[in-house]
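A.B. asks: here is the input, now give the coordinates:
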Amino acid sequence: MTISTISNAKRQDKLWNTCSEFVGSLFYDIFKKLYESIPQSNLIPRNSSEKWFTNMLLYEYSKQAAKDNLRPLVDKIYNKLASKTYQ
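C.D. replies: Numbers count the residues shown, from 1 in each chain. Below is the predicted model of the structure:
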């Protein structure tokens with residue numbers, strides 16, 4: 001491998017990771033809205049730590065979903081951007 005090939009591969013890796021983060025952030029909003037649509041009981045009040053933990057958990061779920069289950073969507077976005085960027 002030449003140096004230009006290695007740097008091109010690294011740029012493409014960064015682009016794919018960025019596309020994955022983009023899809024993850026989109027689905028984080030979807031997961032959050034879905035979670036908020038579930039009726040909550042006031043029997044046990046939620047404190048700010050639990051809300052923070054729930055948001056972080058939903059964010060991690062969305063990142064993992066983008067890398068595993070939503071890979072075709074990430075690949076489609078990546079291919080579209082890569083064809084414009086690396087021509």
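A.B. asks: any idea of the mean pLDDT for the helix or strand hosting residue 13?
C.D. replies: Element membership for residue 13, per DSSP states H and E: helix 3-36. The average pLDDT for helix 3-36 rounds to 82.
A.B. asks: following element in sequence after it, please.
C.D. replies: Beyond helix 3-36 in the direction of the C-terminus, DSSP H and E gives the next helix or strand as helix 48-67.
A.B. asks: for the helix or strand just after that next one, which positions count as buried?
C.D. replies: Using DSSP H and E, the helix or strand that follows helix 48-67 towards the C-terminus is helix 71-85. By neighbour count on 16 or more other Cβ atoms under 10 Å, the buried set for helix 71-85 is 73-74, 77-78, 82. Every residue, glycine included, has its C-beta placed from N, CA and C.
A.B. asks: identify the residue nearest residue 24 in space, chain neighbours excluded?
C.D. replies: Of all residues beyond its chain neighbours, the one nearest residue 24 is residue 66 (3.8 Å), with distances taken as Cβ to Cβ, 6 or more residues apart in numbering.
A.B. asks: residues near that neighbour, how many?
C.D. replies: 22 (other Cβ atoms under 10 Å).
A.B. asks: OK, contacts around the residue nearest to the spatial centre of the chain?
C.D. replies: The centroid of the chain falls nearest to residue 24 when counting by Cα atoms, centre = their mean (1.5 Å). Residues counted as contacts of residue 24 (Cβ atoms under 8 Å, 6 or more residues apart in numbering) are 59, 62-63, 65-67.
A.B. asks: again, 6 Å this time
C.D. replies: Residues near residue 24 by Cβ atoms under 6 Å, 6 or more residues apart in numbering: 62-63, 66.
A.B. asks: distance to residue 16 and pLDDT added to those, as CSV?
C.D. replies: As requested, the contacts of residue 24 are exported to CSV (distance: Cβ to Cβ, whole Å; pLDDT from 0 to 100):
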residue, distance to residue 16, pLDDT
62, 17, 95
63, 14, 93
66, 11, 91
